[in-house]
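*Asks:* Give me a 3D structure for the following:
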Amino acid sequence: MMDITRNQYFLAGLVLLFLGLEFHFVDSLVLSPEFTQFLAERSGNPVAAVSATTQTIFQTERPSVQKTVHLPEWMGWCFMSIGSVLILHSAAMKKPG
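*Replies:* As a prediction, this is how the structure comes out:
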């Protein structure tokens with residue numbers, strides 16, 4: 001079994017810190033029509049049937065429905081705090097070798 005090293009903790013902390021910053025500054029995400037259709041088909045959402053019917057009626061290949069995902073405010077703070085703790089933990093670990 002492989003142990004997690006200091007560098008791996010630091011990298012995971014940086015990734016989570018930057019992901020948290022991104023989630024903190026982004027208010028909402030608008031998914032592409034293709035990905036919205038993909039999610040609707042996989043989840044059994046009635047939007048998939050409506051989009052398929054609309055495509056048949058209007059003879060379009062591209063679905064017109066787009067889903068907007070609103071991120072909660074706490075998500076950015078959560079990722080930033082976990083990332084900061086991992087970075088500080090990696091600094092407290094002893095050096096390899």
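*Asks:* what does stretch 84-97 rub up against?
*Replies:* Contacting residues not belonging to stretch 84-97 are listed as 5-7, 9-10, 12-14, 16-17 [CB atoms under 8 Å, 6 or more residues apart in numbering]. To be clear about C-beta, it is placed using only N, CA and C from the backbone, and glycine gets the same treatment.
*Asks:* Can you tell me which of these end up in helices?
*Replies:* The helices, defined by DSSP state H, take in 6-7, 9-10, 12-14, 16-17 from the contacts of stretch 84-97.
*Asks:* Present those as TSV; the columns should include neighbour count, distance to residue 77 and pLDDT.
*Replies:* Output for these, formatted as TSV (neighbours: other CB atoms under 10 Å; distance: CB to CB, whole Å; pLDDT from 0 to 100):
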residue	neighbour count	distance to residue 77	pLDDT
6	15	25	92
7	11	26	92
9	19	20	95
10	17	21	96
12	17	18	97
13	20	15	97
14	14	17	98
16	20	12	98
17	19	11	97
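*Asks:* Which of those residues sits closest to residue 29?
*Replies:* For the ones in helices among the contacts of stretch 84-97, the residue nearest residue 29 by CB to CB is residue 16; the value is 18.3 Å.
*Asks:* ok, the closest one - contacts?
*Replies:* 79-80, 82-83, 86.
*Asks:* what about the helices in the protein?
*Replies:* Going by DSSP H, the chain shows helices at 6-25, 33-43, 46-58, 73-92.
*Asks:* closest one to residue 66 among those?
*Replies:* Residue 66 lies closest to helix 33-43 among these, at 5.5 Å (CB to CB).
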